[in-house]
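Peer 1: I'd like to go over a predicted model; first the sequence, then the structure.
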Amino acid sequence: MIHKKAPINMNNYSLSNTAQPKKTTLWRSVKKFLPLLKKQQKRMIIATGAAFVTSGLNLLAPVLIGHTVDTYIQKGEYYGVLVYAAIILGLFLGALVSNYFQTLLMGRVGQNVLFSVRNEVFTKIQELPVAFFNENKTGDLISRINNDTDKLNQFFSQSLVQFAANIITILGAVVFVLWIDWEMGLIAIAPAALLLLFTRILSPWIKRKNVTNLANVGSMSAEVSESIDNFKVVVAFNRRDYFREKFREVNDANYKSAIGAGIANNTLTPTYGLASNIASLLVISFGLVFVSLGDFTLGLLISYLVYITKIYDPLRQMAALWSNFQIAFASWDRIDAILQLDSDLIRQGGESEDSTNNILEFTNVSFSYPSGKEVLHNINLAFEHGKKYALVGPTGGGKTTTASLIARLYDPSSGNILLDGKDIRTYSDDERTKKIGFILQEPFLFTGTLRENILYGNVEYAELKTEELQNIISEHGLGALLERFKDGLDTEITATGSKLSLGQKQLIAFVRAIIRRPELIILDEATANIDTVTEKLLEDILKKLPSETTLVVIAHRLSTIENADEIYFVNAGQIIRAGSMQDAVNMLLHGKRKS
Amino acid sequence: MDNDSNHIQAKTSSSVFGLLRPYIWSVVFLALLSIGASGLGLVIPKIISHSIDAYIHKTLVIETIVLKFGVVTLGIFIFTYLQSIVQTFTSERVAKDLRNTIADKIAQQSYAFVERVTPARLLTNLTSDIDSIKIFVGQAVASLVSAGVIIIGTGILLLIINWRLALAVLCIIPIIAGLFFFILSRVRVLMKQSREVIDWLNKVINESVLGSILIRVLNSQGQEFSKFVQANLQAKSIGLQILNMFAALIPVITFVANLGMLVILVLGGHFVIAGSMSLGDFAAFNSYIALLIFPIFVVGIMGSLISQSQASYDRIKEVLDTPQEKQGGTLKKQLQGHIEFQNVDVKYEGKYALKNVSFEVQPHTKIAIIGPTAAGKTQLLHLLTHLISPDSGKILIDGVPLEKYDADTLHRQIGFVFQDSIIFQLTLRENIAFGGIVGDTDFEKAIATAELADFVSTLTNGLETVISERGSSLSGGQKQRIMLARALTLNPKILLLDDFTARVDTKTEQKILENLAKNYPDITLVSVTQKITSIEHYDQIILLMEGELISSGKHDELLHTSPEYAQIYDSQKSTNQYE
């Protein structure tokens, strides 16, 4: 729908691209991720266990080395050195095994989360009504499903493993240094405490920068999709400069926000390095003083210096990981924005009574698009089984909107639509779409073969053998139409390609709808680009349909509607029944237009 | 705005490292900063071991140690901080320039190229592929340099302290290098596959969005989902395969690095006991080995980044290395509107779309092309706008072959109204004036001719209203008229209409045709249509069937000479009385 440049927030489906991060706390962020990890608990527990073992074993090694130095090397007992070397080798082998499982399992968690989040977003998008797609750009959606989920994956598969492992290593090392000597321990970890404070202060800024940047990535993706998908016009109007300039614009915006995000993401690491060195400095100066006072041993000091790296190296890595975490969190917000949307086309409970024999009835139906413009006003209609109805009227008069309401692409703003005597909202999607065949104004084909396209969305015939399908096609008299495709059912089709003409695409869409045998077929300008001779053929095919099939034909071309049982004139929110063909033509030619 | 992008264009090197050539000074600066930072980092263990030895020899002055240590620490901080800023700027710059280069390349390509390569693939090239290159520049360069400095520096220091022990410890480096080489060479294929799966995912998502209405009409969400899951499963399976490789790699490397520590203990301990090594040196060895492990890891992680970005770069290179589309000619002139086709053939995959088509159109006249679906009518129009080129034969405009014309001259004088509606997410004004800068009179004339004035007046924001992508809820006729106005703003000498009347009601159509005759009297009109009543008075009608020109002439002549034409006429006859 047309919306204003600064859209009033009436439409619920527009995914906001503005950066409005809420206050970030670690716990709140972690809590948001938890649902994603629901099925991964077992793996995560084992992986965490493995991480404990790995860190524990790796942490034990320096103690044992310190011990060996103090007890054996300084005393010159080489045998003891060898014994301890053997023990340490054992530790390392153990760490090898547990490290392997830890990496493998956490990586699997990442891949599984990525897989299920992608599926979840895609499913959600499939559940949302057509209005959602009018509000959002394809490229931005692709960016959310691919780029943002990938950022989550990077966090889960690479960062989370390290995140967990590092926290465990750090905690373990902290416990060790405090346990060995609490005074020296406190000295060693004091700079780390300052870091936590520093990180806490900077985190909201880092996230904000990333939110802005991801939004720009989405816009860039949207721009690329639009220009490349419409490349034909870009070429024919020689507006290659348009594509270039537009792209440069979004690319520049992206560059700027990426630099902002990059600088924000990189602030922590140097600071963490600084803290690490300060800690070393403190340990060596105080350590030597303590040793001279006899409170500490040289061997222990050497181990402490190793522990400093065990605390601060992972901490330094966590600085980078923390930025990844902020990116992942910002990405998750963008994904969550889709997941939070709900379709407003809900199936309503309660069987409404069979009140009529008509296939379709409109009672007092009005409809407005979210922008507020009323397209249909208080419409009452009744279509009987087995008849052919034509909707005519000027462009923009509301014909397609009427058809969209019949197919429940939208719900009316007020009034009821009864399909086969029951409120259309009480049907399941499956029941409703089985009854209604809607051949769209703009045919859409999927990349694949002709056969796949004809059987698209057709559960009943999906498994048919080629001969059986051929039989069904000829039963309906559709064979002649398909002969026009060079490789028959195996003709390759691309969705965006232009190897097929619009007319050919319409033929395929026609065949696709007919073999589903719906009770009500809507043809919305469905044959507009097909030549009139072929159209006669289509008419014959329609005549062969079971006698109770109702047809609703929207067309400008009068030949398409000439043998309709009833003709309706749709314009300016009204649907008026025309007495005859001549009557309809008069209205078309001389009637007041209001569009 | 920036000419840097041209540097890349000049030479596309085969390695992703070659990409850095134009940014050599930034890279050198980056390398220097990281050498500075890591070089200083190596001094720290030295200070520590000196202080321990000084303590043992009772010569320790704690203030000197603190001062030295403090200066080095501060130096490291400044270097690393600068390094992070420089690397952000460099990587984003490389990414931005490379994106512009790709976009420029795409902009110069033919429509056929975009169709062949597919929009989904180009989108991945411009987004995910660039991302992995960006990570390479941002992280790999500085990390590799600093890792190299640390590994080499540590190696030298170890050799100085005790060459025998050092040689034993350094044995772990070739072992680790070998492991990396082995794994990374196997991962590279997988990396490329994983990029291709992203193309696939993009395609499925894209089609599910473009076909969203159809999917809802057919309730085929399940089918879409299974397509998506198929691609997603493949992505997961490749992801897991890559993971399996790395899950083995990292622990094994840690183990090998740990073995270094063990060697120090066993061999170094022996040396200390034998008295050939001091305890301070022993401590220094321990500190250095701890220093050595991290960069070895970094090299490993960077190895995977490099193989990932190389795979992406290979894909980008395929686009960049596509031969330039044959440049159009240079002829710039005002067109009269004379068109001539001489024995034109167009083939798709060996089958004729147009076969030996010849005809001539006089300037300022109207010609209609009719024929059944898939007769080649649209291809004929595409030929005239150079969207496709003939396989053989000639197309002349004003007696000059089409390819001799400057592209801009041609496109500014030939207006094309496509059969399918293509609307950009821009304001209505920008959509209509898409052809470039348009004068007010030309603009008003185009709007009036396309009968859009009434429609515009119903919009609150008029021409400044933003139309959504794909124009999802404009009516078909409205979109068609916007497309017409877009072509007319060019004030074209030749107007190509592809089935324009299909979506516009009879009354509007008649008005538009009258407007056209009145406002653009000199135009040469080439109209593909189905409807004979609108073209009865045309100067020439040609009938195409299966790519061949069956007959041509005026309406009255064709009725007598061409049975096919008569048949089409008859098929519309019954309703002709109304129009």
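Peer 2: Right, received. Where do you want to start? Numbering: from 1, shown residues only, chains lettered A, B, ... in the order given.

Peer 1: and the helix or strand hosting residue A:174, what does it pack onto?
Peer 2: Secondary structure from DSSP states H and E places residue A:174 in helix A:160-180. On a contact count with 3 or more CB pairs under 8 Å, 6 or more residues apart in numbering or on different chains; DSSP states H and E, helix A:160-180 meets helix A:41-68, helix A:78-127, helix A:182-229, helix A:298-339. (Glycine included, C-beta is placed from N, CA and C.)

Peer 1: possible to save these as a markdown table with distance to residue A:548, mean neighbour count and mean pLDDT?
Peer 2: Listed next are the helices and strands packed on helix A:160-180 as a markdown table, based on distance: least, CB to CB, whole Å; neighbours: other CB atoms under 10 Å in any protein chain shown; pLDDT from 0 to 100:
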| stretch | distance to residue A:548 | mean neighbour count | mean pLDDT |
| --- | --- | --- | --- |
| helix A:41-68 | 55 | 19 | 84 |
| helix A:78-127 | 32 | 20 | 89 |
| helix A:182-229 | 41 | 20 | 87 |
| helix A:298-339 | 41 | 23 | 82 |
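
Peer 1: related to what we said a few turns ago, mind listing what's buried along the helix holding residue A:174?
Peer 2: Buried residues in helix A:160-180, counted by 16 or more other CB atoms under 10 Å in any protein chain shown: A:160-170, A:172-174, A:176-177, A:180.

Peer 1: and the closest residue to chain B within chain A, what is it in contact with?
Peer 2: Going by CB to the nearest CB, chain B is nearest to residue A:395 of chain A, at 2.2 Å. Residue A:395 makes contact with A:595, B:475-478, B:480-481, B:503-505, B:508, according to CB atoms under 8 Å, 6 or more residues apart in numbering or on different chains.

Peer 1: do residue A:105 as well
Peer 2: A:43-44, A:46-47, A:50.

Peer 1: go on, residue B:117?
Peer 2: Applying CB under 8 Å, 6+ apart, one finds that residue B:117 lies in contact with residue B:319.

Peer 1: let me have the helices and strands packed on helix A:160-180 in TSV, extended by distance to residue A:134.
Peer 2: As requested, the helices and strands packed on helix A:160-180 are exported to TSV (distance: least, CB to CB, whole Å):
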stretch	distance to residue A:134
helix A:41-68	40
helix A:78-127	13
helix A:182-229	14
helix A:298-339	15
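
Peer 1: closest to residue B:337 out of those helices?
Peer 2: Counting by CB to CB, residue B:337 lies closest to helix A:182-229 out of the helices and strands packed on helix A:160-180; the figure is 30.4 Å.

Peer 1: gap between the closest one and the chain center?
Peer 2: 23 Å (CA atoms, centre = their mean, to the nearest Å).

Peer 1: now do stretch A:283-292
Peer 2: Averaged C-alpha coordinates place stretch A:283-292 at 57 Å from its chain's average position (CA atoms, centre = their mean).

Peer 1: dump the C-alpha coordinates for that stretch into CSV.
Peer 2: Extracted as CSV, the C-alpha positions of stretch A:283-292 are listed here (Å, rounded to 0.1, in the frame of the first residue of the first chain):
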residue,chain,number,x,y,z
VAL,A,283,52.6,-9.6,41.0
ILE,A,284,56.3,-9.4,40.3
SER,A,285,56.9,-6.3,42.5
PHE,A,286,54.9,-7.4,45.5
GLY,A,287,55.9,-11.0,44.9
LEU,A,288,59.6,-10.2,45.1
VAL,A,289,59.0,-8.2,48.3
PHE,A,290,57.0,-11.1,49.8
VAL,A,291,59.7,-13.6,48.8
SER,A,292,62.3,-11.4,50.4
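
Peer 1: what residues does the stretch 301-450 of chain A put near chain B?
Peer 2: Contacts of the stretch 301-450 of chain A with chain B, taken as CB under 8 Å from any CB of the partner chain, map to A:301-302, A:305-306, A:309, A:313, A:369, A:373, A:392-397, A:399-400, A:407, A:409, A:429-430, A:432-434, A:436, A:438, A:440-442, A:444, A:446-447.

Peer 1: from those, which land in helices?
Peer 2: Of those, the ones assigned to helices by DSSP state H are A:301-302, A:305-306, A:309, A:313, A:399-400, A:429-430, A:432-434.

Peer 1: farthest-separated two in the residues you listed?
Peer 2: Farthest apart among these by CB to CB are A:301 and A:399. That separation is 86.9 Å.

Peer 1: check what pLDDT the closest residue to chain A within the stretch 451-579 of chain B gets.
Peer 2: The nearest approach of the stretch 451-579 of chain B to chain A comes at residue B:477, 2.2 Å away (CB to the nearest CB). At residue B:477, the model reports a pLDDT of 83.

Peer 1: assumed it was part of a strand.
Peer 2: No. Secondary structure of residue B:477 (DSSP: H, G, I helix; E, B strand; the rest coil): helix, not part of a strand.

Peer 1: apart from its chain neighbours, what residue comes closest to it?
Peer 2: Spatial nearest neighbour of residue B:477, excluding adjacent residues (CB to CB, 6 or more residues apart in numbering or on different chains): residue A:395 at 2.2 Å.

Peer 1: now the one you found: how far from residue A:197?
Peer 2: Distance from residue A:395 to residue A:197, counting by CB to CB, to the nearest Å: 65 Å.

Peer 1: partners of the helix or strand containing residue B:525 in the sheet?
Peer 2: Per DSSP H and E, residue B:525 falls inside strand B:524-528. In the sheet, strand B:524-528 lines up against strand B:366-370 (parallel), strand B:494-498 (parallel) (DSSP bridges).

Peer 1: quick one: residues contacting the residue nearest the centre of chain A.
Peer 2: The centroid of chain A falls nearest to residue A:145 when counting by CA atoms, centre = their mean (3.3 Å). Contacts for residue A:145 (CB under 8 Å, 6+ apart) come out as A:118, A:121-122, A:125, B:201, B:205.

Peer 1: as a markdown table, these with distance to residue A:464 would be great.
Peer 2: As requested, the contacts of residue A:145 are exported to a markdown table (distance: CB to CB, whole Å):
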| residue | distance to residue A:464 |
| --- | --- |
| A:118 | 31 |
| A:121 | 33 |
| A:122 | 27 |
| A:125 | 29 |
| B:201 | 29 |
| B:205 | 28 |
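
Peer 1: helices of the stretch 1-150 of chain B, start to end?
Peer 2: All helices of the stretch 1-150 of chain B, identified by DSSP state H, counting those that start in this stretch, fall at B:4-10, B:24-56, B:62-108, B:111-117, B:119-124, B:130-135, B:141-161.

Peer 1: highest mean neighbour count out of those helices?
Peer 2: Each of those was scored by mean neighbour count; the highest is helix B:119-124, a mean of 26, by mean count of other CB atoms under 10 Å in any protein chain shown.

Peer 1: verify the stated contact: residue B:149 with residue B:38.
Peer 2: Yes. Assessed by CB atoms under 8 Å, residue B:149 is found in contact with residue B:38 at 4.3 Å.

Peer 1: so how far is the next helix or strand after the strand holding residue B:525 off the chain centroid?
Peer 2: Next helix or strand after strand B:524-528 toward the C-terminus (DSSP H and E): strand B:540-545. In terms of CA atoms, centre = their mean, the centre of strand B:540-545 is set 40 Å apart from its chain centre.

Peer 1: CA atoms only: put strand B:540-545 into CSV for me.
Peer 2: The C-alpha coordinates for strand B:540-545 follow below in CSV (Å, rounded to 0.1, in the frame of the first residue of the first chain):
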residue,chain,number,x,y,z
GLN,B,540,1.4,-1.0,-40.4
ILE,B,541,0.6,-4.3,-38.6
ILE,B,542,2.9,-7.2,-38.5
LEU,B,543,1.9,-10.7,-37.4
LEU,B,544,4.4,-12.8,-35.7
MET,B,545,4.1,-16.5,-35.0
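
Peer 1: listing partners with orientation, what would you give for it?
Peer 2: Here strand B:540-545 is paired, per DSSP bridges, with strand B:366-370 (parallel), strand B:548-553 (antiparallel).
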